[in-house]
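Chemist: Quick one, what's the 3D model for this:
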Amino acid sequence: SAMDGYAVAVADVRSLPTRLPVAQRIPAGSVGSRLQPGTAARIFTGAP
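Modeler: Residues are numbered from 1 along each chain as shown. As a prediction, this is how the structure comes out:
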């Protein structure tokens, strides 16, 4: 949906462009774990 997105650490995206592997997929209502350096998490909100 338009509300879905990614979580990243600012330190990992200071130089652009940056590509990070998606290490977590977090569905609506769930809580992810702490991101490892150099990774991203995909966030699914469940919103249309």
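Chemist: now the strands for this protein?
Modeler: 5-7, 22-26, 40-43 (DSSP state E).
Chemist: possible to save these as TSV with mean pLDDT?
Modeler: Putting the strands of the chain into TSV (pLDDT from 0 to 100) gives the following:
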stretch	mean pLDDT
strand 5-7	96
strand 22-26	98
strand 40-43	97
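Chemist: Out of these, which one sits most buried?
Modeler: strand 40-43 (a mean of 18; mean count of other C-beta atoms under 10 Å). C-betas here are computed from N, CA, C, even on glycine.
Chemist: Note down every partner strand of it and its orientation.
Modeler: Partners of strand 40-43 in the sheet, by DSSP bridges, are strand 5-7 (antiparallel), strand 22-26 (parallel).
Chemist: next one: that strand to chain centre, how far?
Modeler: Relative to the mean C-alpha coordinate of its chain, strand 40-43 is positioned 2 Å out (C-alpha atoms, centre = their mean, to the nearest Å).
Chemist: can you list the weak-confidence ranges in this structure?
Modeler: Along the chain, segments meeting pLDDT under 70 span 48.
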